[in-house]
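**Q** Sharing a model prediction with you, sequence too.
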Amino acid sequence: MVHNKNKAPSDYIRQSLSADEKLIHIAKFHWVYNISAVLNIVFSFALALGVILIAIKYQPMILKTPPTDGLSFLDQIRTLHPGVKIVSFFLIIFGILKCTQMMVVKATTEIGVTDIRMVYKQGLVARAVGEINIDRIEGVNVLQGVMGRLFGYGRVMVRGMGVGEVILPPIEQPIRFKKSIEQARAASKKKNMSAPPVI
């Protein structure tokens with residue numbers, strides 16, 4: 001049974017399901033992740049603006065250039081040393097690239113639990129797929145700070161035999177994701193116990 005019926009399974013997970021495999025839960029990135037991505041642009045613009053304002057104030061003293069008090073803000077920027085403009089430009093570009101990188105990660109990451117395995121797929125062209133069989137999962141921990149508890153998001157750390165620890169990115173309802181794994185583990189153990197012995 002799929003918990004979130006109104007949400008279609010992710011492409012990779014849907015395509016990789018075996019004939020008798022059932023999807024239990026699909027994890028989604030929390031909206032806080034989107035805000036974190038956008039804040040990279042905001043911070044980079046703020047930092048670039050700070051560099052520009054400091055340069056406007058101290059450039060006349062350091063480089064002995066004429067004061068620019070009577071000029072408009074844009075004209076003051078035009079009078080700045082090229083090095084200041086380059087640094088500010090690259091700060092803004094860095095923020096935009098970081099935001100883009102985070103959103104690409106979100107768009108190309110799929111996390112799900114079936115009755116057989118947990119799937120963690122990253123990448124579009126160059127895929128990195130991590131799968132842990134449900135019966136080989138040793139433990140699941142939810143990593144939540146104060147903000148995570150308030151807004152309902154957190155990371156999930158899954159420990160599997162032979163694969164070590166897998167720490168997932170911030171997702172919605174991490175406790176529900178943990179319970180989905182526990183439900184699948186309990187069902188797997190019950191199925192193994194009821195199976196007839198192999199002679």
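**A** Perfect, thanks for sending it. Numbering: from 1, shown residues only.
**Q** Please, which helix or strand holds the nearest residue to A27 once chain neighbours are set aside?
**A** Distance criterion CB to CB, 6 or more residues apart in numbering; nearest residue to A27, sequence neighbours excluded, is I111 at 3.9 Å. C-beta: built from backbone N, CA, C; applies to glycine. With secondary structure defined by DSSP states H and E, I111 is part of strand 110-114.
**Q** got the contact list for the one helix or strand F177 maps to?
**A** With secondary structure defined by DSSP H and E, F177 is part of helix 174-194. Outside helix 174-194, the residues that touch it by CB atoms under 8 Å, 6 or more residues apart in numbering are 3, 24-25, 27, 111, 113-116, 118, 134-135, 137, 140-144, 148, 153-156, 158, 168, 171.
**Q** buried residues in stretch 159-177?
**A** Within stretch 159-177, the residues that qualify as buried by neighbour count (16 or more other CB atoms under 10 Å) are G160, V166, L168, P169, P170, I171, E172, Q173, P174, F177.
**Q** Of those, which pair is most distant in space?
**A** Spatially, the most separated pair among these is G160 and E172, at 22.5 Å (CB to CB).
**Q** For the residue minimising distance to the centre of the chain, grab phi and psi.
**A** Nearest to the geometric centre of the chain sits P169, at 4.7 Å (CA atoms, centre = their mean). In this entry, P169 is assigned phi and psi values of phi -70, psi 170 (degrees, to the nearest 10).
**Q** what's the distance between it and K189?
**A** P169 sits at a distance of 29 Å from K189 (criterion: CB to CB, to the nearest Å).
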